[in-house]
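>>> model the following, please.
(one chain, ligands or ions: 1)
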Amino acid sequence: MTRILHRSIGPTLPHAASAQGVYITDTAGHRYLDASGGAAVTSVGHAHPEVLAAMRAQIDNLCYAHTSFFTTDAAEALAEKLVNLAPEGLNYVYLVSGGSEAVEAALKMARQYFVEIGAPQRRHIIARRQSYHGNTIGALATGGNAMRRKQFQPILPETHHVSPCYAYREKGADESPEAYAIRLADELEAKILELGPEEVMAFVAEPVVGATLGAVASVADYFKRVRAICDKYGVLLILDEVMCGMGRTGTVFACEQDNVIPDIVTIAKGLGGGYQPIGAVMLSGKIYDSFANGSGLFQHGHTYIGHPVAAATANKVVEIIARPETLANVNAMGARLQNGLEAVLGASPYVGDIRGRGLFRGIELVADRDTKAPFDPSRKIHAKIKRHAMARGLISYPMGGTIDGIHGDHILLAPPYIIEADDVDLIIERIADAI
Ligand code: PMP
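Residues are numbered from 1 along each chain as shown. Got it, this is the predicted structure:
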């Protein structure tokens, strides 16, 4: 009998006992191919010897020092490395312990920025329908996922939602990608005007939508247009790369492929690689300077921020991610996964779309391929596929049955970046069999 309140109460979970590379073994001796990296977390694979060595070295020296009193070489080195890898202008780093904390800190940073520069009336947050940005109250309010929000209404911050860039379902059949991007930018502009341009604080979006849509990248120029609208009205652009960042899509930062530089970017999952709980917010000099020249502090903090063991671990994880051979493998194995899935499932009447970037791939399941009609949400097709895949020794990340106008069942695949061709082929075989 379990004494743990698990997310899903009822089913008995296998007990994970050990893990190596792309495989997890349970206490009964079953081996599972970790095709989703947990939830797109295990970036460099399980039990990577270099990461374990970096962790051990830090543990032997220093496990904790509160950031009110000390900084550490580990935290400073991680920040330096992230700034060197980030798009130009994201010059400062705020370390936290996970994705929701990163989003929460980003929102408060944006809010405090406007207070510091004498525009405290800017308070509205605009995000996108169906999005997920975390489970803490501010991050949950920012997310537009009705299913996750409904039990907790009313949620505190003033958030508003516009359409995501979701070409498979929302681009008109005769509409060009360019016209679609313009339509979405117009929608964002209309929302800003409706709320009052002087009162909008930030627009928040994932460059490649992970958990809620299943690896949906935007059409060309969408983010360029979003950036232009934000600039026109003085609205900060916050990109949430908690799931899609840190090499997952084939570049260290996902937004590099969208040719857009945000004011604030959040990262987490792949940064800790599953070894340590860690997240980070990267911010522009403009925001940092407003604090430095204003009140002289960022009015925020948690006990475990900048944890030295987490920082030393992430430093090694990022070093491995940024190696050309790692990113080359993400791109090569990502293409192999996409092509293989298309070859095996492309003609299936129940597979509407196979998409994504790098080792971040999504399969959208439909009841009718021609009309794109989704399965009845009550059938919970995504959850059934997760179970069938697990019975075949494959971990996949399902989502579906939404209730806010965007329907569909998706399976997200996000294996570790060190995966080899044979295991990619095994993912394709097992997920196809499960579907
Ligand atoms: N933002 C995005 C885009 C996410 O995918 C997630 C987690 N799925 C979060 C934020 C929250 O991260 P965490 O679970 O580490 O709090």
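
>>> only C-alpha atoms for contact and neighbour calcs from this point on.
Will do.

>>> low-confidence ranges, the protein, go.
156-157, 401-406 (pLDDT under 70).

>>> domain parsing for it?
Annotated domains of the chain cover 16-47+323-434, 53-322 [automatic domain parsing].

>>> just put the ones you listed in JSON lines and tack on mean neighbour count and distance to the ligand.
Converted to JSON lines, these look like this (neighbours: other C-alpha atoms under 10 Å; distance: least, C-alpha to the nearest ligand atom, whole Å):
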{"stretch": "domain 16-47+323-434", "mean neighbour count": "20", "distance to the ligand": "7"}
{"stretch": "domain 53-322", "mean neighbour count": "20", "distance to the ligand": "3"}
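
>>> how about those domains in TSV, adding distance to Arg7?
Below are the domains of the chain laid out as TSV (distance: least, C-alpha to C-alpha, whole Å):
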stretch	distance to Arg7
domain 16-47+323-434	14
domain 53-322	12
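
>>> can I take it that Asp433 is in a helix?
Yes - under DSSP: H, G, I helix; E, B strand; the rest coil, Asp433 falls within a helix.

>>> for it, which non-adjacent residue is spatially closest?
Ranked by C-alpha to C-alpha, 6 or more residues apart in numbering and with sequence neighbours excluded, the top spatial neighbour of Asp433 is Ala389, at 7.9 Å.

>>> hmm, that neighbour is touching Ala383, no?
No - under the criterion of C-alpha atoms under 8 Å, Ala389 makes no contact with Ala383, lying 9.8 Å away.

>>> three-state assignment of the residue nearest to Asp433?
Quick answer, by three-state DSSP: Ala389 is helix.

>>> tell me the contacts of it?
Contacts here follow C-alpha atoms under 8 Å, 6 or more residues apart in numbering; on that basis Ala389 touches 395-396, 430-431, 433-434.

>>> go on, Tyr350?
Counting by C-alpha under 8 Å, 6+ apart, the residues that Tyr350 touches are 365-369.

>>> which of these fall within strands?
Of the positions in these, Leu365 sit in strands, assigned by DSSP state E.

>>> of all the contacts of Tyr350, which comes closest to Thr25?
Leu365 (28.9 Å; C-alpha to C-alpha).

>>> what residues does that closest one make contact with?
Taking C-alpha under 8 Å, 6+ apart as the test, what Leu365 contacts is 350-353, 374-375, 408-410.

>>> name the nearest residue to it, ignoring sequence neighbours.
Nearest residue to Leu365 in three dimensions, chain neighbours excluded: Val351, at 4.7 Å (C-alpha to C-alpha, 6+ apart).

>>> and that neighbour, what are its phi and psi?
Main-chain torsions, Val351, degrees, to the nearest 10: phi -110, psi 110.

>>> with Thr72 instead?
With angles defined as degrees, to the nearest 10, Thr72 sits at phi -130, psi 160.

>>> show me where the stretch 1-150 of the chain has its helices.
37-40, 49-61, 73-85, 99-116, 137-142, 146-149 (DSSP state H, counting those that start in this stretch).

>>> whoops, I mixed them up, the stretch 201-350 of the chain
Using DSSP H, counting those that start in this stretch, helices in the stretch 201-350 of the chain cover 222-233, 269-272, 285-292, 308-322, 324-345.

>>> of all those, which one is nearest Pro49?
Nearest to Pro49 among the helices of the stretch 201-350 of the chain is helix 308-322 (10.5 Å), distances taken as C-alpha to C-alpha.

>>> restrict that closest one to CA atoms and write it as CSV.
In CSV, the C-alpha atoms belonging to helix 308-322 read as follows (Å, rounded to 0.1, in the frame of the first residue of the first chain):
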residue,chain,number,x,y,z
PRO,A,308,25.3,24.4,-5.6
VAL,A,309,24.8,20.7,-6.3
ALA,A,310,22.1,21.4,-8.8
ALA,A,311,24.2,24.2,-10.4
ALA,A,312,27.3,22.1,-10.7
THR,A,313,25.2,19.2,-12.2
ALA,A,314,23.5,21.5,-14.7
ASN,A,315,26.8,23.0,-15.7
LYS,A,316,28.0,19.6,-16.8
VAL,A,317,24.7,18.8,-18.4
VAL,A,318,24.7,22.1,-20.4
GLU,A,319,28.4,21.4,-21.4
ILE,A,320,27.4,18.1,-22.9
ILE,A,321,24.3,19.5,-24.6
ALA,A,322,26.2,22.2,-26.3
